[in-house]
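Colleague: sequence and predicted model, in that order:
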Amino acid sequence: MTFLFFPLSGLLFAFGLYRIAQAALSLPSGKIIKAIKSIHGRQDTAKRLQNGLLPFARLLSKLFPMSEYKQKRLQADFSRLNIAQTPEDFVGAVMARSLLLVVIGFLFVPLGIPWLSLITAIAALLAYFQSMQTVRKKMEAQNREIEAELPRLVETLNYTLQDNRDMLAFFEKYRHVAGKALGTELDRLILDIKTGNQQAALRRMDARLGLPSFAALCAVLCGVHQGIDQRLSLLMLEQDMRTKEREALRRSMEKRPGRIKVAAFILTITMILLFMVPLILLIIENLQAVGF
């Protein structure tokens, strides 16, 4: 027991000295150090895997360089979506994940399950194309949100221009009620107008969005900046946008799940019965009245 007592006493004495020094010198505790290390949030498994594959992804991006047009298009999309990752790293990471999945699939060959390797390779190919379409789908969703709000912006602009032609003041006021997607673009537009030319700022926003409806609005606003009375053009543009919005809603409803079609079918049958049952009862009463 004696040979255990002295080491244990030494450990307790050392721990006591450490606690005294920590209190006297204000040394950070283990919890504080851990909190500082995870100040940006704990990385999940997917994030750690992405960081681990980053060197391989950069190698793949150098071995398979993308075209200049694709690089500029992805960079513009990343800028609108506030993605800090470069297009080369993004494409390289997608390729690296797909190749890793293919390599994992080859492990099934020695196990005597070659068909599972084929399925894994097909899954890797599908995962590659799906990941490449992720940015485009986000951009399409953002564009739909902006297009849905443009008619309200044009309507408000048409009422505002009757009293004031200050476009900067209008955009600053409308920014407070704008949606998230359009609000982000208006922030950039307001900054461009304050630091440069208004027409150039509008055309840069038109180039970023690439929407036909905003291109027409940009042409009208450039005319307003030049002193041209564009109230009639704004009214026609608003009606055209409202029509396109209704068409977009109709197409969206047509793509809804089948339960809406089932509900519509049930409603149709109910309406038919609503008109047919009284008519059938009336016929039966008339037949009974004549002796049938």
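Modeller: Cool, the structure landed.
Colleague: who are the neighbours in contact with residue 213?
Modeller: Residues in contact with residue 213 (C-beta atoms under 8 Å, 6 or more residues apart in numbering) are 147, 150, 240, 241, 244. (Each C-beta comes from the backbone N, C-alpha and C, glycine too.)
Colleague: can you name the next helix or strand after whichever strand or helix holds the fourth one?
Modeller: Yep, that's residue 241 we're talking about. Residue 241 is part of helix 231-254 when elements are defined by DSSP states H and E. With elements assigned by DSSP H and E, the helix or strand that comes after helix 231-254 is helix 258-289.
Colleague: tilt between that next one and helix 231-254?
Modeller: Angle of helix 258-289 versus helix 231-254, following axes from the mean of the first three to the mean of the last three C-alpha atoms, to 10 degrees, is 80 degrees.
Colleague: buried set for helix 258-289?
Modeller: Within helix 258-289, no residue qualifies as buried by neighbour count (16 or more other C-beta atoms under 10 Å).
Colleague: off-centre distance for stretch 61-70?
Modeller: With C-alpha atoms, centre = their mean, to the nearest Å as the basis, stretch 61-70 stands 24 Å off its chain's centre.
Colleague: same deal with stretch 168-181?
Modeller: Offset of stretch 168-181 from its chain centre (C-alpha atoms, centre = their mean): 20 Å.
Colleague: and stretch 121-132, C-alpha only, in CSV?
Modeller: Below are the C-alpha coordinates for stretch 121-132, written out as CSV (Å, rounded to 0.1, in the frame of the first residue of the first chain):
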residue,chain,number,x,y,z
ALA,A,121,-20.4,2.9,-60.6
ILE,A,122,-23.8,3.9,-62.0
ALA,A,123,-24.6,5.6,-58.7
ALA,A,124,-21.3,7.5,-58.8
LEU,A,125,-22.1,8.7,-62.3
LEU,A,126,-25.6,9.8,-61.3
ALA,A,127,-24.2,11.5,-58.2
TYR,A,128,-21.8,13.4,-60.3
PHE,A,129,-24.4,14.8,-62.6
GLN,A,130,-26.8,15.5,-59.7
SER,A,131,-24.1,17.5,-57.9
MET,A,132,-23.3,19.4,-61.0
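Colleague: now for the helix or strand that contains residue 187, which elements pack on it?
Modeller: Here residue 187, judged by DSSP H and E, is contained in helix 180-195. Secondary-structure packing of helix 180-195 (3 or more C-beta pairs under 8 Å, 6 or more residues apart in numbering; DSSP states H and E): helix 114-160, helix 167-174, helix 198-209.
Colleague: what's the shortest one in contact with?
Modeller: Translated: helix 167-174. 153, 156-157, 160, 164, 186, 189-190, 193-194, 198, 221, 224-225.
Colleague: now do the last one
Modeller: Residues from elsewhere that reach helix 198-209 (C-beta under 8 Å, 6+ apart): 76, 79-80, 143, 146, 167-168, 185, 188-189, 192-193, 214-215, 218, 221-222, 225.
Colleague: mean confidence for the helix holding residue 241?
Modeller: The average of the pLDDT scores along helix 231-254 is 79.
Colleague: got the buried residues for it?
Modeller: By 16+ other C-beta under 10 Å, the buried positions in helix 231-254 come out as 233, 234, 237, 238, 241, 244, 245.
Colleague: name the nearest of those residues relative to residue 125.
Modeller: Taking C-beta to C-beta as the measure, residue 125 lies nearest residue 244 of the buried residues of helix 231-254, at 36.4 Å.
Colleague: which residue packs closest to the closest one, ignoring adjacent ones?
Modeller: Spatial nearest neighbour of residue 244, excluding adjacent residues (C-beta to C-beta, 6 or more residues apart in numbering): residue 213 at 6.8 Å.
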